[in-house]
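Engineer: curious how this folds, go ahead:
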Amino acid sequence: MRTRAELEAALAKAEADWRRASERLDQRQAERGEANEEWSRLSADRRGGGGDRRSGTGDRRKSEADRRSAEIALDRADDAWEQAVQARREAREAWNQARAALEELDRTGTRS
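Structural biologist: Next up, the predicted model:
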């Protein structure tokens, strides 16, 4: 059986891990929002500008590349956000397990 000090240390570590995971999730959410704004801006530029295909300036190809880059950045931001959500979920589960173990120790009345 684990001692109370070990369980309290595990609970404190699990809570700190959860807080760090939450901070990373907030960061990823902000990055995801920025990528989404950039993609939306580039898409709006595509729809709003005079889409003269006959202009030989090459701007059309550049804007297409910009949109592809923005879409890739958005996909990466979404993936990073999903990973951060999963990490926070796992940290929360570890915290719940540590808390349950400490509560079980309190219920049994064993003091170490």
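Engineer: how about low-confidence regions in this protein?
Structural biologist: 1, 46-60, 110-112 (pLDDT under 70).
Engineer: ok, 50 please
Structural biologist: Across the chain, the ranges flagged by pLDDT under 50 are 112.
Engineer: which of the helices or strands spans the most centrally placed residue in it?
Structural biologist: In the chain, the C-alpha nearest the mean C-alpha coordinate belongs to residue 81, at 2.7 Å (C-alpha atoms, centre = their mean). Following DSSP states H and E, one finds residue 81 within helix 59-108.
Engineer: how far off centre is that helix?
Structural biologist: 3 Å (C-alpha atoms, centre = their mean, to the nearest Å).
Engineer: ok, residue 41 - contacts?
Structural biologist: Counting by C-beta atoms under 8 Å, 6 or more residues apart in numbering, residue 41 touches no other residue. Any C-beta I mention is one placed from the backbone N, CA and C, and that applies to glycine too.
Engineer: figure out the helix or strand that it lives in.
Structural biologist: Counting by DSSP H and E, residue 41 is found in helix 4-48.
Engineer: what sits closest to residue 45 if chain neighbours are left out?
Structural biologist: Spatial nearest neighbour of residue 45, excluding adjacent residues (C-beta to C-beta, 6 or more residues apart in numbering): residue 63 at 6.7 Å.
Engineer: list the contacts of residue 73.
Structural biologist: Neighbouring residues of residue 73 by C-beta under 8 Å, 6+ apart: 35, 38-39.
Engineer: could I get these as a markdown table with distance to residue 92 and neighbour count?
Structural biologist: Formatted as a markdown table, those follow (distance: C-beta to C-beta, whole Å; neighbours: other C-beta atoms under 10 Å):
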| residue | distance to residue 92 | neighbour count |
| --- | --- | --- |
| 35 | 26 | 21 |
| 38 | 31 | 18 |
| 39 | 31 | 20 |
